[in-house]
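In: What follows is a predicted structure for the sequence shown.
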Amino acid sequence: MQDLTDLVNANLETVRKILSYTYQMNSELAIQRVMKGAESNRITKTTNGDDFRAPLVIAPAGLYGAFNPEGGNLGLGVGYTLAQLVQTYFATKSGYQLTYAAVRGTETDLQTRFNAWKETMKGAVPFMARMENVGWHNLGGNNGQVGIVTTTTSVGGGTETFTMDPEFGTRLFIENQRVEIFNSNQSTYRTSTVSPDNLPYVQSINRVARQMVVTNLGSIVPANGDTLFLQGCTSTPVWADGLYYVNTTSTSGSYLRFSRTTYPSINPTAITSGGVLNPQQILALAFTIKIRGGNQQFPTLIGLASPHQLAQMSAQVQAMQVYYRSQMTGPQIDPLPKQVSVGMDQGVLFGDITHYEDDCQGYDRIDYCNPKTWGRVYLDHEGADFYRDPGTNQMFFPMTAAGTNAGPAAGTLFYLETTENWINTNPLLNGLITGLVPPSQDYSF
C-alpha cells in the first residue's frame, strides 16, 4: 500500500500567496492632512543662515487720537512694524540593502511568495512617509525625541525590555527602528560612541503593554527615565521643526528667531484646563483664535486627536443616546459624532471642528492646525525621492566588501531622502488643548 507519508520527500510545500504584516504602517498620516496643498519654497544655504525669510507685520501704521482743530498740534505718525521668521532645510534619509542572492533568489513565483526587490521598492515610500510623520511629531518640537522610558528590565545579552510612558507609549516606534539613548535631561549621551550603523534597535513591540524589546545595546546600560531619539540627532539633539515646536504652551524662548516673550502674539492659542474633553472647550479655543487673529470669521481648523480622545467624544454621544432613547422614540444616534467627508478623508465632527485620528498624538492633548499657515522649505525637491549621485545620477550603489584589498560586495544599496523643513507663518491661528483625561479603561496603548 502506498501511503502519502512515504512520498513526503518529493512533495511541494504550500505557501500562502497573500502576505500579512505584523508591524504598524498607517497610510492616513497627520502630516499629509496638514500639508496637503501647503505653500512650498525651494531654498539654498546662505552665508548668514537666513536661508528662508518669512516677513511678519506685527503692528499697523497710523497713530489715532484727538486733536485741537483750532490750530492745535496734529503730532506725528508711525508706519508699519515688521519682523521676520527665519528657516532652513533639514535632511533625512532611509537606507535599503539587499544581497545579490536575496534579489535573484526571490525573483520568480516558482522560487518564492516574497519578491524581495519588488516588496522593498513598494514599501520604501510608505515607510519613509511614516517616519517623516514620526519626525513631525517629535516630542521636543525640534530635537528628535520619540519616547520616554518609564522602566527598563534586563533580558540579557545586550537586550532590554523598555516600558514606555503612558502619554505616547510605543506609538512613535516601529520594529527595526534605530534609537539614540540619552538620560532624562539629555545631559548624558549614552550612544555617543556608537556608529550610526550599529545603534541599538527595536526588536519587537507590545503596544497594548506599552513595551518594546531593544537589542544590540552592547555595553550601554539604560536606566529608568531615559529618553529615546531618532538616529542622527547629534549630541545636542536637533531635528526638523515639527508640530510641537509650533503648538506649544511655552511662552519663553524663541520661535524661528522671534522672541515668544517680546511678541506673545506669535504664540499659539492654548487651553490647558484639561479634564474631560467637551465641545465648549473646542468652541472657546476657536473663539479665542478668532479674537486674537482679528478676523471676523472662524479660522479653518482640523483637529488631530489620539484614539483616546476620539473615545471620549464617543462616550459623550453615547450618553446623549441613552438620554434621548429614554425620552422619545426615534432612530438610534450614531455611537460616534457625525462623520463628515472631506475629499476622500473621513473625519469626526465634534465641537463644530472636524477631528482626525492621529496615532502619533499624545493621549492627553488635541492639536488644532490651520493648514493655510503651514508650509515647507526644501533644498532639492518636495517630499521623499531617491537619492541620486549629483554627478552620475546613479541611484543604486554597490555594497562594499570588508578587507583592504576587497572589491565590491555582491549586493546593492539605495536610499530615499528628504531635504525639507516645516514652517508655520502664523502660529497664533493654530491652537491646542492639553491636560485632557483619557478613557479609564481599554486604552492602555
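Out: Cool, got the structure.

In: Outline the domain layout of this structure.
Out: 32-56+83-142+239-445, 145-238 (automatic domain parsing).

In: Please work out how many residues are found near Gly242.
Out: Using other CB atoms under 10 Å, Gly242 has 24 other residues around it. Quick note: C-beta positions are derived from backbone N, CA and C, even for glycine.

In: What residues does it make contact with?
Out: The contact partners of Gly242, by CB atoms under 8 Å, 6 or more residues apart in numbering, come to Gly135, Trp136, His137, Asn138, Gly141, Asn142, Trp422.

In: quick revisit: can I get the domains of the chain in CSV with distance to Asn73?
Out: Converted to CSV, these look like this (distance: least, CB to CB, whole Å):
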stretch, distance to Asn73
domain 32-56+83-142+239-445, 30
domain 145-238, 54
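
In: closest to Thr5 out of those domains?
Out: The closest of the domains of the chain to Thr5 is domain 32-56+83-142+239-445. By CB to CB, the value is 25.4 Å.

In: give the contact list for the nearest residue to Phe182 once chain neighbours are set aside.
Out: Leaving out its chain neighbours, the residue that sits closest to Phe182 by CB to CB, 6 or more residues apart in numbering is Thr227, at 5.0 Å. Going by CB under 8 Å, 6+ apart, Thr227 touches Gln145, Gly147, Ile148, Val149, Ile181, Phe182, Asn183, Ser184, Gln186.

In: closest to Arg207 among those?
Out: Gly147 (12.5 Å).

In: What separation is there between that closest one and Asn115?
Out: 34 Å (CB to CB, to the nearest Å).

In: Can you get me a residue count around Ala102?
Out: Using other CB under 10 Å: Ala102 sits among 16 other residues.

In: Okay, now the unreliable bits of the stretch 1-150 of the chain?
Out: Along the stretch 1-150 of the chain, segments meeting pLDDT under 70 span 2-4, 6-8, 11-27.

In: Which parts of the stretch 201-350 of the chain are helices?
Out: Using DSSP state H, counting those that start in this stretch, the helices of the stretch 201-350 of the chain run over 243-246, 279-293, 307-327.

In: Show me which residues of the shortest one are buried.
Out: It refers to helix 243-246. By neighbour count on 16 or more other CB atoms under 10 Å, the buried set for helix 243-246 is Leu243, Tyr244, Tyr245, Val246.

In: which one of the residues you listed sits closest to Lys290?
Out: Val246 (18.5 Å).

In: wait, what's in contact with that closest one?
Out: By CB under 8 Å, 6+ apart, Val246 lies in contact with Gly141, Tyr255, Pro268, Asn424, Pro427, Asn430.

In: what does Ser273 give?
Out: Gln281, Gly435.

In: For it, grab phi and psi.
Out: phi -70, psi -20 (degrees, to the nearest 10).

In: Turn the contacts of Val246 into a markdown table, including neighbour count and distance to Thr163.
Out: Putting those into a markdown table (neighbours: other CB atoms under 10 Å; distance: CB to CB, whole Å) gives the following:
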| residue | neighbour count | distance to Thr163 |
| --- | --- | --- |
| Gly141 | 20 | 25 |
| Tyr255 | 20 | 34 |
| Pro268 | 25 | 32 |
| Asn424 | 27 | 34 |
| Pro427 | 24 | 34 |
| Asn430 | 25 | 33 |
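
In: Show me the strands in the stretch 1-150 of the chain, by range?
Out: 39-42, 52-59, 81-87, 91-99, 145-154 (DSSP state E, counting those that start in this stretch).

In: how deep is the closest residue to Glu382 other than its chain neighbours tucked in, by neighbour count?
Out: Using CB to CB, 6+ apart and skipping the chain neighbours, the partner closest in space to Glu382 is Ser40 (5.3 Å). Using other CB under 10 Å, Ser40 has 14 neighbouring residues.

In: contacting residues for Ser40?
Out: Gly375, Arg376, Val377, Tyr378, Glu382.

In: ok, those vs Leu76, which is closest?
Out: For the contacts of Ser40, the nearest to Leu76 is Gly375 (37.3 Å; CB to CB).

In: which SS class is the closest one?
Out: strand (DSSP: H, G, I helix; E, B strand; the rest coil).

In: What's the separation between the closest residue in space to it that isn't next to it in sequence and Ala54?
Out: Spatial nearest neighbour of Gly375, chain neighbours left out: Glu39 (3.7 Å); criterion: CB to CB, 6+ apart. To Ala54, Glu39 is 10 Å away according to CB to CB.

In: Give me the more crowded residue out of those two.
Out: Using other CB under 10 Å, the more surrounded residue of Glu39 and Ala54 is Ala54, with 19 against 14.

In: What residues does the residue lying closest to that one once chain neighbours are set aside make contact with?
Out: The shortest distance from Ala54 to any non-neighbouring residue, by CB to CB, 6+ apart, is to Leu85 (4.3 Å). Counting by CB under 8 Å, 6+ apart, Leu85 touches Arg53, Ala54, Leu56, Tyr255, Leu256, Arg257, Phe258, Ile423, Thr425.
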